[in-house]
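Student: sequence first, then the predicted structure:
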Amino acid sequence: MENEKAKYDVCIIGGLGHVGLPLGISFAAAGKRVALYDINKKAVETVSRGEMPFIEHGAEALLKKTLDETLFISSEASVISQSRYVIVVIGTPVDEHLNPKFTIFRKFLDEISGCLRDGQHIVLRSTIFPGTTGMIREYFEAKGLKVSLSFCPERIAQGKAIEELKALPQIVSAFDEASMDEASGLFSAITDEIIPLSPLEAELAKLFTNVWRYIQFAISNQFYQIAASNGLDFGRIHDAITRNYPRAAAFPRAGFTAGPCLFKDTMQLAAFSNNNFFLGHAAMLINEGLPNFIVQNFKQTSSLRDKTAGVLGMAYKAESDDKRESLSYKLRKILEMEAREVLCSDVYIREEGFVTSGELIDASDVIFIGAPHKEYASLDLKGKTVVDIWDLFGKTRGTAS
């Protein structure tokens, strides 16, 4: 690879997912020749037509512009060998005991190692357990592979990747100066500011970022529970605290805190801390327990046994079609044990058994707001009882909490 020109500048393994696809499109739009390698046949078919498989603002226009020009889709592992930089967007999974599963990551490395060549640069992109970059360096050394290695974490908000990949600084880490320079040069094609760290510093920076947000939301959710338990409207209290008061500007509203990263990353940091991360454990109990709290709190004043409950919004956050780790599904399971019938709807998600927003409103006795999609704010709720932890409607819409 050192003595021959690579066919592609960049290959992204798992390139058609929420992390890899926006990154690949951004590199391709910057003039890099990018191969997106993925074995998801449905995603390959969708993206090859110039269509995004999920919501990512501004991405589809760039996809159509770069497809088959500087952006190439493949389910053939040979593109890995043909690339100068190989970006891995597979993170460290956790097991049923909430511990990191290094064996799965090692199995993944075993699968791709035959496609790697001396002189390539391997970039780890997704959240990984602290120390994983060093473990992978030892793995490559044991295999006799002479490759550069860096960890360059993504920190974008899902749905805003195209914008934020350009606007946000990129953290870059490596074990040697040459690798650091190479990784910095690669990401300089799409962003103006590079922040150098050691690999362990970068691994912790990524975890700290997500866990800090997770704890922030837990504080608001704990305050919500205190207010609701005393029959008070947390939305009114939150508004009074934050309105024109700069020191409370970062105080988030209450709401389900979920998705594929925040909870998992808090578990990883807890494991790295030998389970002495008590603040993280408390945040997990609060955030994961919120669906059960709002159901039990509702039952303090009204029965669910004779009612049809509707969950409006099943994505893990507003204006998203991503249902991974969504607490709306946890809420549905709890309601299925408590209510006569449970109906679900989401403006962005099509799933067997889901109904339209109108059908849900008509048939439900009580409506739980699972994801506060902005489209819901203008709905006629027809005077139905609404459990609105997000304060999407406010008291002017007759919200019950």
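Tutor: Here it is on my side, so go on.
Student: please name the nearest non-neighbouring residue to Gly255.
Tutor: Trp390 (4.7 Å; Cβ to Cβ, 6 or more residues apart in numbering). To be clear about C-beta, it is placed using only N, CA and C from the backbone, and glycine gets the same treatment.
Student: which SS class is that neighbour?
Tutor: Three-state assignment for Trp390 (DSSP: H, G, I helix; E, B strand; the rest coil): coil.
Student: roughly how far apart are it and Ile294?
Tutor: Separation of Trp390 from Ile294 (Cβ to Cβ, to the nearest Å): 11 Å.
Student: swap in Lys374?
Tutor: Plainly put, Lys374 is 21 Å away from Ile294 if you go by Cβ to Cβ.
Student: out of those two, which sits in the busier spot?
Tutor: Between Lys374 and Ile294, counted using other Cβ atoms under 10 Å, Ile294 has the larger neighbour count: 23 against 10.
Student: can you list the domains in the protein?
Tutor: 8-197, 214-397 (automatic domain parsing).
Student: export those domains to TSV and tack on distance to Ala205 and mean pLDDT?
Tutor: As requested, these are exported to TSV (distance: least, Cβ to Cβ, whole Å; pLDDT from 0 to 100):
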stretch	distance to Ala205	mean pLDDT
domain 8-197	6	94
domain 214-397	12	94
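Student: could I get these in CSV, plus columns for distance to Leu207?
Tutor: Listed next are the domains of the chain as CSV, based on distance: least, Cβ to Cβ, whole Å:
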stretch, distance to Leu207
domain 8-197, 7
domain 214-397, 5
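Student: could you point out the longest helix in the protein?
Tutor: Counting by DSSP state H, the longest helix found in the chain is helix 199-229.
Student: quick one: list the elements packing against it.
Tutor: Helices and strands touching helix 199-229, as assessed by 3 or more Cβ pairs under 8 Å, 6 or more residues apart in numbering; DSSP states H and E, comprise helix 132-143, strand 148-151, strand 170-174, helix 234-242, helix 262-272, helix 278-299.
Student: tell me the angle it makes with strand 170-174.
Tutor: Per axes from the mean of the first three to the mean of the last three Cα atoms, to 10 degrees, the angle that helix 199-229 makes with strand 170-174 is 140 degrees.
Student: now helix 199-229: buried residues?
Tutor: Buried residues in helix 199-229, counted by 16 or more other Cβ atoms under 10 Å: 199, 202-207, 209-211, 213-215, 217-218, 220-225, 227-228.
Student: Trp103: how many residues sit nearby?
Tutor: Actually, residue 103 is Thr rather than Trp. As a burial measure, Thr103 scores 10 neighbours (other Cβ under 10 Å).
Student: which strands or helices does the helix or strand where it lies pack on?
Tutor: Thr103 belongs to helix 102-113 when assigned by DSSP states H and E. If you count contacts as 3+ Cβ pairs under 8 Å, 6+ apart, helix 102-113 packs onto helix 132-143.
Student: the helix it packs on vs helix 262-272, what angle?
Tutor: Here helix 132-143 points in a direction 70 degrees away from that of helix 262-272 (the same axes, to 10 degrees).
Student: contacting residues around helix 132-143?
Tutor: The contact list for helix 132-143 (Cβ atoms under 8 Å, 6 or more residues apart in numbering) reads 92, 102, 105-106, 109, 113, 116, 122, 124, 147, 149-151, 173, 175, 199-200, 202-203.
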